[in-house]
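Novice: This is the structure alone, sequence omitted:
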């Protein structure tokens, strides 16, 4: 459970994202504790959205409770803005996501969005990604095969037992990685047969990183996807 101090940081990160949200906007919304704070802020400030595209069943429940209309990405087309948190981020906007098991849908919504804002507290900002285990979603029959291939790449995969994604798939959490070339690693993992999605957001990184500290909120404007 987040401490009061941690929760306060998450709330301030969420509040700092509000100026990017326009009335009547169609918004992509991620998953996790910081995003939950964003949904509460939207509710409290009575920000009127055209609707939101959700990245998980958990977020869908939060949106329903906040009376924010949920729309299907298949019918909306591309989105102007996606806001989500991260388990780890570097100063270039490259992220590790998937601690909440929503990495595939998060990656789809991020890819469909013109702008991606990531909101985090400063404990998530790291110089080199990999301290947080990298989630990899796999189809069930390929779990052991994918794990063996990941070992060959230098990772230590651990099956997240008892967890099934919204897509009905298991997750391997890959430990002992020091991710110095995130695009190459994302590509290599995506080439393994049976991998659905890798929780490494390098090819589609965040455009803006909002980082809440103890006494301030920093905004890193990283720019166009790259």
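Specialist: Alright, I've got the coordinates. Small disclaimer: the values here were computed from a predicted structure and weren't measured.
Novice: I'd like the distance between the residue of the chain most remote from its centre and residue 202.
Specialist: Distance from the C-alpha centroid of the chain peaks at residue 152, with 26.5 Å (Cα atoms, centre = their mean). With distances taken as Cβ to Cβ, to the nearest Å, residue 152 is found 20 Å from residue 202. (Glycine included, C-beta is placed from N, CA and C.)
Novice: swap in residue 217?
Specialist: 25 Å.
Novice: what about those two, which has more around it?
Specialist: residue 202 (22 against 17; other Cβ atoms under 10 Å).
Novice: pretty sure the more buried one contacts residue 183?
Specialist: Yes - counting by Cβ atoms under 8 Å, residue 202 does reach residue 183; the two are 4.5 Å apart.
Novice: burial of the closest residue to residue 81 other than its chain neighbours, as a residue count?
Specialist: Residue nearest to residue 81 in three dimensions, not counting chain neighbours: residue 115, with 5.0 Å by Cβ to Cβ, 6 or more residues apart in numbering. Other residues near residue 115 come to 17 when the count uses other Cβ under 10 Å.
Novice: you'd agree residue 115 is up against residue 78?
Specialist: No - Residue 115 lies out of contact with residue 78 (Cβ under 8 Å); the separation is 10.6 Å.
Novice: Could you point out the longest helix of this protein?
Specialist: helix 4-17 (DSSP state H).
Novice: Show the subsequent helix or strand relative to that helix.
Specialist: As assigned by DSSP states H and E, the chain's next helix or strand after helix 4-17 is strand 26-29.
Novice: What is that next one packed up against?
Specialist: helix 33-44, strand 51-54, strand 81-84 (3 or more Cβ pairs under 8 Å, 6 or more residues apart in numbering; DSSP states H and E).
Novice: Next, give phi and psi for residue 202.
Specialist: Residue 202 adopts backbone torsions of phi -110, psi -50, taken as degrees, to the nearest 10.
Novice: what does the model give the closest residue to it other than its chain neighbours for pLDDT?
Specialist: Spatial nearest neighbour of residue 202, excluding adjacent residues (Cβ to Cβ, 6+ apart): residue 182 at 3.6 Å. If you check residue 182, the pLDDT there is 97.
Novice: how much distance is there from whichever strand or helix holds residue 146 to the middle of the chain?
Specialist: In the assignment (DSSP H and E), residue 146 maps to helix 143-152. When distances are taken as Cα atoms, centre = their mean, to the nearest Å, helix 143-152 is centred 24 Å away from the chain's centroid.
Novice: what does it rub up against?
Specialist: 136, 138, 157, 159, 170, 172, 174, 189, 192-195 (Cβ atoms under 8 Å, 6 or more residues apart in numbering).
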